[in-house]
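Asks: Pasting the sequence and the predicted model now:
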Amino acid sequence: MARIFIISNRVAVPKAGLQPGGLEVALKATLKKHTCVWLGWSGELSDTARTQTFHKGRNAYVVTDLGGDDFEEYYNGFANRVLWPIFHYRLDLAEFSRRDLSGYWRVNNQFADELVQRLKPDDIVWVHDYHLIPLAKVLRERGVNNRIGFFLHIPLPPPEILTAMPNHDTLIPALGDYDLVGFQTDGDAANFARYLARELGTPTHISHRLGDGERAMRIGTFPVGIETREFNRLAGRAVRTQLVGQVMKSIPGVLMIGVDRLDYSKGIPARLEAYERFLAAHPEWHGKITYLQITPKSRSQIKEYSEMAEAVNATAGRINGAYSNAAWSPMRYVNRPYSRTALSGLYRAAKVGLVTPMRDGMNLVAKEFVAAQDDEDPGVLILSRFAGAASEFGAAVLVNPYDPDAVGAAIARAMAMPLEERRRRHSELFAALLRNDIADWGDNFLKALGTGNKLRAIDAIKDFVPPAGIA
Ligand code: GDG
């Protein structure tokens, strides 16, 4: 049987205590169902390019070390200082250097070398995310003819933004070497199609030859989901645990929750400002709401991240300083990570989930919050219209995170929302989750990659192939 090779920057080696992230959650069902080899960076730095293999069940986990320069140039540099901000529409934060770009290609070559040693002709290769955009190209250069798919977990901005990235004209067309390129939303897929049309003038439904067969790159939309029913059951049990009981006993009134990595895309400073506006405009809720923001640290070596950490600390302190009394503090800002079980219980105990990224590929926290609710007495999801999840979650209270007054008003609306409206919205949201469960996500992508059909694609662009010579 064909194996699935999953390639991503980080690999969730079982029990290795990797930092929580969306990818691990998203791939869980695929790893359960198929024989997989998951390959990527070990998270360690060494000069020897050491590679280790771990096994769990029928799956193998292959992790390779990076050198110090690789880490600086590929990871901290091009991936996180150029691609991450630009793909999240933040040209102002991008810091381009040619050295970082060459480190990025070098690590893609290193991963390709590891992969070709292990690949058999009928294996399927599934590459994840912005760290590895050119991987298919470097694999094709090594003669790999396997089916290779790519999924972008983060947004793809329109060509007006993408073209401001130096060297976009070599990097973005390299996606043409994949058989299938998947996005979270139709909007991202359309942005890619517009880029191809505008920059490469490429008509649809053309093909070019690669190796012995004919290869055509196709574009599809595959919104990432979660394990809805399992998460709901977990939350039902977790809400009765000691931790959740202690939290609820320690607060007067109701709980509002936010859970995000500390990242500027997640909109935490603007969210705190919105909460401040809410508190200023609604004294009737003082003493009756506690906002718990759980924010494990991430990428703290990068300047913008450490500056943001300080700014968020200062704002949380200011809010508590201005509004606390001896019996109540309006917010708790927590930097440590919690177990998945604890998170699920806290989501369920919360009356409001506040998920307001400035831009987000999907946002699994929004989905987890909905999945965790008690359908008899569900909490309300306030969701940024700029999260990919908004395209499936029309029944959430959708907000513009750039408008703190409007987000503040949405908090007031959620707090006062009648049970009947909460139930109606929740049942629509839960139905949307079930329509697109996580198992379907992996299956749909792999089916589309393996068989060439069942592709939920934008018709006009689904058989796009870049003209020979560019890819
Ligand atoms: C990228 C894209 C896309 C968070 N804190 C803790 C913890 N988490 C878990 C959440 C959730 C995951 O991490 C975060 O997922 P998101 O989707 O919200 O965000 P990213 O990490 O930025 O993920 C994103 C995703 O890829 C998948 O395609 O949705 O748009 O940016 O599952 O629960 N988990 C635990 N403790 C924590 O403290 N255990």
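Replies: Nice, thanks for sending it over.
Asks: give the contact list for V25.
Replies: For V25, the contacting residues are I226, L364, I438, by CB atoms under 8 Å, 6 or more residues apart in numbering. The C-beta positions use only the backbone N, C-alpha and C, and glycine is treated the same way.
Asks: among those, which are in helices?
Replies: L364, I438 (DSSP state H).
Asks: The contacts of V25: which ones sit near the ligand?
Replies: Residues of those in contact with the ligand (CB under 6 Å from any ligand atom): L364.
Asks: Mind checking which of the contacts of V25 are buried?
Replies: Among those, those buried by neighbour count (16 or more other CB atoms under 10 Å) are I226, L364, I438.
Asks: Distance check, the first one against L196.
Replies: As judged by CB to CB, to the nearest Å, I226 and L196 stand 31 Å apart.
Asks: picking up where we left off before, ok, the contacts of V25 vs the ligand, which is closest?
Replies: L364 (3.5 Å; CB to the nearest ligand atom).
Asks: quick one, what contacts that closest one?
Replies: So L364 contacts G22, V25, A26, V224, I226 (CB under 8 Å, 6+ apart).
Asks: Can you tell me the strand partners of the longest strand seen in the chain and which way each runs?
Replies: Using DSSP state E, we find that the single longest strand of the chain is strand 36-45. Sheet pairing of strand 36-45 (DSSP bridges) gives strand 4-10 (parallel), strand 59-66 (parallel).
Asks: Tell me which of the ones you listed lies nearest to A112.
Replies: Set against A112 and scored by CB to CB, the strands paired with strand 36-45 come closest in strand 4-10, at 9.0 Å.
Asks: Helix or strand next in line after that closest one, which one?
Replies: Following strand 4-10 in sequence order, the next helix or strand is helix 22-33 (DSSP states H and E).
Asks: mind checking how far that next one is from the chain centre?
Replies: 13 Å (CA atoms, centre = their mean, to the nearest Å).
Asks: Same check on stretch 141-149?
Replies: That offset, for stretch 141-149, works out to 26 Å (CA atoms, centre = their mean).
Asks: next one: stretch 390-397
Replies: With CA atoms, centre = their mean, you get 17 Å for stretch 390-397.
Asks: now what about that stretch, what contacts it?
Replies: 185-187, 223, 366, 370, 380-384, 389, 398, 410, 413-414, 424-426, 428-429, 432, 435-436.
Asks: Can you tell me which of the strands paired with strand 36-45 is packed in deepest?
Replies: Most buried of the strands paired with strand 36-45, by mean neighbour count (mean count of other CB atoms under 10 Å): strand 4-10, with a mean of 23.
Asks: And the residue of the chain most remote from its centre, how close does it get to the ligand?
Replies: Within the chain, the residue lying farthest from the chain centre (CA atoms, centre = their mean) is A326, at 39.2 Å. As defined by CB to the nearest ligand atom, to the nearest Å, A326 lies at a distance of 30 Å from the ligand.
Asks: What are the phi and psi values at that residue?
Replies: phi -60, psi -30 (degrees, to the nearest 10).
Asks: and what of V127?
Replies: According to degrees, to the nearest 10, V127 has phi -100, psi 140.
Asks: What separation do you get for it and the ligand?
Replies: In terms of CB to the nearest ligand atom, V127 sits 14 Å off from the ligand.
Asks: Show me what that residue is bridged to.
Replies: Beta-bridge partners, per DSSP bridges, of V127: I7, F150.
Asks: Now for it: which residues touch it?
Replies: I7, S8, L135, A136, I148, G149, F150, F151, Y178.
Asks: ok so, going back, just the pLDDT for the residue farthest from the centre of the chain.
Replies: At A326, the pLDDT value in this model is 95.
Asks: what about the residue in the stretch 101-250 of the chain that the ligand sits nearest to, neighbour count?
Replies: Using CB to the nearest ligand atom, the closest approach of the stretch 101-250 of the chain to the ligand is made by H153 at 3.6 Å. When counting by other CB atoms under 10 Å, one arrives at 22 neighbours for H153.
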